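Engineer: Give the three-dimensional model of this entry:
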Amino acid sequence: MGCSDSKPAPQKTGKPEKKTSAPSKVKDEPKPAEEPKAKPVEEPKKEEVKKAEEPPKKEEVKKAEEPKKEVKKVTKPAPPKSTPARAEGQMSGRADERQRVLLEMERARLDGQVNDACIKAFTLSYDALVNGETGIIKESTIKPVDKVTSIDELKKDDGAEALLSKTVVLKLNGGLGTGMGLTGPKSSLVVKEGKTFMDYIVKQVEELKATAPSCEFMLMNSFSTEAEAKKVVEANSVLGSWDKINLLQNKVIKIDTETMEPVKHADEHHRWCPPGHGDLYAALYGSGKLQELVSEGKEYLFVSNSDNLGATMDLAILSHFANSGKGFLMEVAERAEADKKGGHLAKKGDGYVLRESAQCSKEDIGMFQNIATHKYFNTNNLWLNIPKLFSMMQANDGVMKLPLIRNLKTVDPTDPKSRKVYQLETAMGSAIALFGADAEAVCVGRGRFAPVKTTNDLFTIQSDAYEVSGNVVKLVDQCQGNPPAVSLGDQYKMVPALEALCANYTTIPSLKDCRTLDILGSAKLTFGSGVVITGNAVINVGNSDDKTLSDRVVTGELDL
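Structural biologist: Below is the predicted model of the structure:
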């Protein structure tokens, strides 16, 4: 999800506003947090045999601890007690760099672009980075998930509709789709039958509120999508009031891979990046909105991506989740060939763990992509118990300790020769590990999973492999639950090139009987009308002369 260099109004945190002198505390944080602790522990030891000096000893200890508490409040929670040696040892050589990183984050907080909970979470990620943690999850540390509850086993309770008054539907709407050449919000992209993602979302919410007016709707926007989202909300009163709906995502500083300091760049916008959808928790807690939902009696939160039009309210899942008393439920689906490069669910201890591609070592790639062994992937449709989530975060100083995802990028995404940076991210689904035995997974069909991450996805969804049923875009029955695995090649990775390939989506081939489609070669291809792709197809266009393909059934290999 994207972020912006514009300066919005300060976010509401639900906490007393910190003094503007806070940056000085961030600057002094690395060493003073250790030095006051050393003195009171060492000096009283020399005097502890003298009973007359015992009261001063307690007073000294109390005074010495106060600066530490103040630093903790402004910058970050204390390092986990289980890793003091690591924090004091390896971090000692990065104190100055760490100070400069936190100073950048504190400045952003004072500008209203970052909340305190985000700074604490980011600090944990930065500490993990400089301590050598990569976020890698070894195959030897996990076990495959053999079976989970199927959605077909679930039934809607007779009083399920009553649960909707305690439910909040939240859509993640921070993505810009820059990887597809888009400059605006991805949710503004026309996806099917001339309608955008937001058009479908509005209709879905309208249909839901017709039967459950008190079911609340929220949008998690980034600084880059907020303005467009506000226009849509204000034009559709059924969604609710903007202040109630809008949840603003934080942003974090990019880290120079050589210096481990905030990266330098002439364009301030390029210095910052989104912290991944794991920021959902910090955004909710740090803005005060999570506390508000608890006080309003809301109990269930259904979260999904705005580009997944199959993720609608399901009363059978809601009933099951409410009856289970669990804190966390993840909708998973069976992996197909097209999904093998994405993350998967695994067992670890008494609970589950989510392993993303960035958390897989090179030697484990084979097992990571083995869809027979690791059967299930995260659809990013999540259900959370709101009171339990709030209690968990409150007990951890407003932080969800999610595993680090270290993404190696360039500071300017459009310039591969620009300085290399680490973008520190987290995934919201990885919170399943924090809930342990209080989390579960439910396997759903492809009808609840129809996302658009690339032009390959957009090409497929625009084809007859998907259909519109009411306000839901879903895979047709003929595909038997497995979408075609399409690879158009790098020359069609941007939306303008895709539109030229199929005349603005008017001549997309039939894909409902297609299993795989690969287009090879660098020559330009244009699909005319009447093209049908079946089975496993490869179209080789060569590397010279433009090609046009019309009125033909393609299966197997075709050289043009």
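
Engineer: Could you pull out the helices in the stretch 151-300 of the chain for me?
Structural biologist: 160-163, 197-211, 226-235, 242-245, 280-287, 289-295 (DSSP state H, counting those that start in this stretch).

Engineer: which other helices and strands contact the third one?
Structural biologist: Looking back up the chat, that one is helix 226-235. helix 197-211, strand 216-221, helix 242-245, strand 246-248 (3 or more Cβ pairs under 8 Å, 6 or more residues apart in numbering; DSSP states H and E). Bear in mind the C-beta positions are built from the backbone N, C-alpha and C, glycine included.

Engineer: what's the answer for the second one, then?
Structural biologist: Contact partners of helix 197-211 among helices and strands, from 3+ Cβ pairs under 8 Å, 6+ apart: strand 167-173, strand 190-192, strand 216-221, helix 226-235, strand 472-475.

Engineer: Export those to TSV and append columns for mean pLDDT, distance to Thr149 and mean neighbour count.
Structural biologist: Listed next are the helices and strands packed on helix 197-211 as TSV, based on pLDDT from 0 to 100; distance: least, Cβ to Cβ, whole Å; neighbours: other Cβ atoms under 10 Å:
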stretch	mean pLDDT	distance to Thr149	mean neighbour count
strand 167-173	97	20	24
strand 190-192	90	30	20
strand 216-221	96	27	24
helix 226-235	94	34	16
strand 472-475	88	21	21
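
Engineer: who wins for proximity to Gly535 among the helices of the stretch 151-300 of the chain?
Structural biologist: helix 197-211 (30.8 Å; Cβ to Cβ).

Engineer: what about this structure, any weak spots by pLDDT?
Structural biologist: 1-93 (pLDDT under 70).

Engineer: Check which residues of stretch 533-544 are buried.
Structural biologist: 533-534, 537-539, 541 (16 or more other Cβ atoms under 10 Å).

Engineer: now what about it, what contacts it?
Structural biologist: 484, 509-511, 513-525, 547, 549, 553-560 (Cβ atoms under 8 Å, 6 or more residues apart in numbering).

Engineer: thinking again about what came up before, just the helices and strands packed on helix 226-235: most buried one?
Structural biologist: Highest mean neighbour count of the helices and strands packed on helix 226-235: strand 216-221, a mean of 24 (counted as mean count of other Cβ atoms under 10 Å).

Engineer: Please save the CA atoms from that strand in CSV.
Structural biologist: The C-alpha coordinates for strand 216-221 follow below in CSV (Å, rounded to 0.1, in the frame of the first residue of the first chain):
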residue,chain,number,x,y,z
GLU,A,216,-20.2,-0.7,10.5
PHE,A,217,-18.0,-0.1,7.5
MET,A,218,-14.4,1.2,7.5
LEU,A,219,-11.7,1.9,4.9
MET,A,220,-8.0,1.7,5.7
ASN,A,221,-6.4,4.3,3.3
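
Engineer: by contact count, what packs against that strand?
Structural biologist: strand 167-173, helix 197-211, helix 226-235, helix 242-245, strand 246-248.

Engineer: What pairs with it, parallel or antiparallel?
Structural biologist: strand 167-173 (parallel), strand 246-248 (parallel) (DSSP bridges).

Engineer: Any chance of those in TSV with distance to Tyr492 as columns?
Structural biologist: TSV is the format used below for the strands paired with strand 216-221 (distance: least, Cβ to Cβ, whole Å):
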stretch	distance to Tyr492
strand 167-173	26
strand 246-248	34
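
Engineer: who wins for proximity to Leu318 among these?
Structural biologist: Of the strands paired with strand 216-221, nearest to Leu318 by Cβ to Cβ is strand 167-173, at 6.6 Å.

Engineer: so who does the most centrally placed residue in the chain touch?
Structural biologist: The C-alpha lying nearest the average C-alpha coordinate of the chain belongs to His277 (Cα atoms, centre = their mean; 2.2 Å). His277 makes contact with 1, 172, 174, 305, 380, 427-428, according to Cβ under 8 Å, 6+ apart.

Engineer: ok now stretch 128-140, how far from the chain's centre?
Structural biologist: Per Cα atoms, centre = their mean, to the nearest Å, the displacement of stretch 128-140 from the mean C-alpha position of its chain is 19 Å.

Engineer: what's around the closest residue in space to Leu501 that isn't next to it in sequence, how many residues?
Structural biologist: Excluding the flanking residues, the one nearest Leu501 by Cβ to Cβ, 6 or more residues apart in numbering is Tyr492, at 5.6 Å. Neighbour count for Tyr492, taken as other Cβ atoms under 10 Å: 23.

Engineer: ok so, going back, out of the strands paired with strand 216-221, flag the one nearest Lys347.
Structural biologist: Checking these against Lys347 by Cβ to Cβ gives strand 167-173 as the closest, at 26.5 Å.

Engineer: What lies in contact with the closest one?
Structural biologist: 1, 185, 187, 198, 201, 205, 208, 212, 215-222, 225, 229, 247, 277, 280, 293, 298-306, 313, 318, 380, 386.

Engineer: Equivalent analysis for stretch 408-419, please.
Structural biologist: Here stretch 408-419 has contacts from 178, 254, 256-257, 263-265, 267, 270-271, 273, 420-423, using Cβ under 8 Å, 6+ apart.

Engineer: Can you flag the buried ones in the residues you listed?
Structural biologist: Neighbour-count burial (16+ other Cβ under 10 Å) applied to the contacts of stretch 408-419 gives 254, 256-257, 263, 265, 270-271, 273, 420-423.

Engineer: one step back: any chance of the contacts of His277 in CSV, plus secondary structure?
Structural biologist: Listed next are those as CSV, based on DSSP: H, G, I helix; E, B strand; the rest coil:
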residue, secondary structure
Met1, coil
Leu172, strand
Gly174, coil
Asn305, strand
Asn380, strand
Ala427, coil
Met428, helix
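
Engineer: Out of those, flag the one nearest to Phe435.
Structural biologist: Met428 (12.4 Å).

Engineer: for the closest one, what are its contacts?
Structural biologist: Counted by Cβ under 8 Å, 6+ apart, Met428 has contacts 276-278, 280-281, 303, 380, 382, 402.

Engineer: before we move on, the earlier item: among the contacts of stretch 408-419, which lie within strands?
Structural biologist: Members of the contacts of stretch 408-419 lying in strands (criterion: DSSP state E): 256, 273, 420-423.

Engineer: Which strands or helices does the strand or helix carrying Leu389 pack on?
Structural biologist: Using DSSP states H and E, Leu389 sits within helix 386-395. If you count contacts as 3+ Cβ pairs under 8 Å, 6+ apart, helix 386-395 packs onto helix 280-287, helix 289-295, strand 300-305.

Engineer: Give me the neighbour count for Val252.
Structural biologist: Neighbours of Val252 (other Cβ under 10 Å): 26.

Engineer: so what's it closest to, chain neighbours aside?
Structural biologist: Excluding its sequence neighbours, the residue lying closest to Val252 (Cβ to Cβ, 6+ apart) is Pro275, at 4.6 Å.

Engineer: any idea how far Ile405 is from the one you found?
Structural biologist: The gap separating Pro275 from Ile405 is 10 Å, by Cβ to Cβ, to the nearest Å.

Engineer: Need the residues touching each of the two.
Structural biologist: With contacts taken as Cβ under 8 Å, 6+ apart, the residues that reach both Pro275 and Ile405 are 424-426.

Engineer: Out of these, the closest to Lys192 would be?
Structural biologist: Nearest to Lys192 among the shared contacts of Pro275 and Ile405: Glu425, at 29.4 Å, using Cβ to Cβ.

Engineer: Check which helix or strand Phe377 maps to.
Structural biologist: Per DSSP H and E: strand 376-385 holds Phe377.

Engineer: Contacts only, for Lys264.
Structural biologist: Contacts for Lys264 (Cβ under 8 Å, 6+ apart) come out as 256, 271, 419.

Engineer: Could you do Lys209 as well?
Structural biologist: 215, 217, 238.

Engineer: Keeping just the C-alphas, turn stretch 419-435 into PDB.
Structural biologist: Only the C-alpha atoms of stretch 419-435 are listed here, as PDB (Å, rounded to 0.1, in the frame of the first residue of the first chain):
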ATOM      1  CA  ARG A 419      20.600   3.400  -3.800                       C
ATOM      2  CA  LYS A 420      19.600   0.100  -2.300                       C
ATOM      3  CA  VAL A 421      17.300   0.200   0.700                       C
ATOM      4  CA  TYR A 422      15.500  -2.100   3.100                       C
ATOM      5  CA  GLN A 423      11.800  -1.700   3.400                       C
ATOM      6  CA  LEU A 424      10.700  -3.000   6.700                       C
ATOM      7  CA  GLU A 425       7.200  -4.500   6.500                       C
ATOM      8  CA  THR A 426       4.900  -6.900   8.400                       C
ATOM      9  CA  ALA A 427       1.900  -8.900   7.200                       C
ATOM     10  CA  MET A 428      -1.400  -8.700   9.100                       C
ATOM     11  CA  GLY A 429      -2.000 -12.500   8.600                       C
ATOM     12  CA  SER A 430       1.200 -13.300  10.500                       C
ATOM     13  CA  ALA A 431      -0.700 -12.300  13.700                       C
ATOM     14  CA  ILE A 432      -2.200 -15.800  13.600                       C
ATOM     15  CA  ALA A 433       1.000 -17.000  15.300                       C
ATOM     16  CA  LEU A 434       0.500 -14.600  18.200                       C
ATOM     17  CA  PHE A 435      -2.900 -16.000  19.000                       C
END
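
Engineer: No further questions, thank you.
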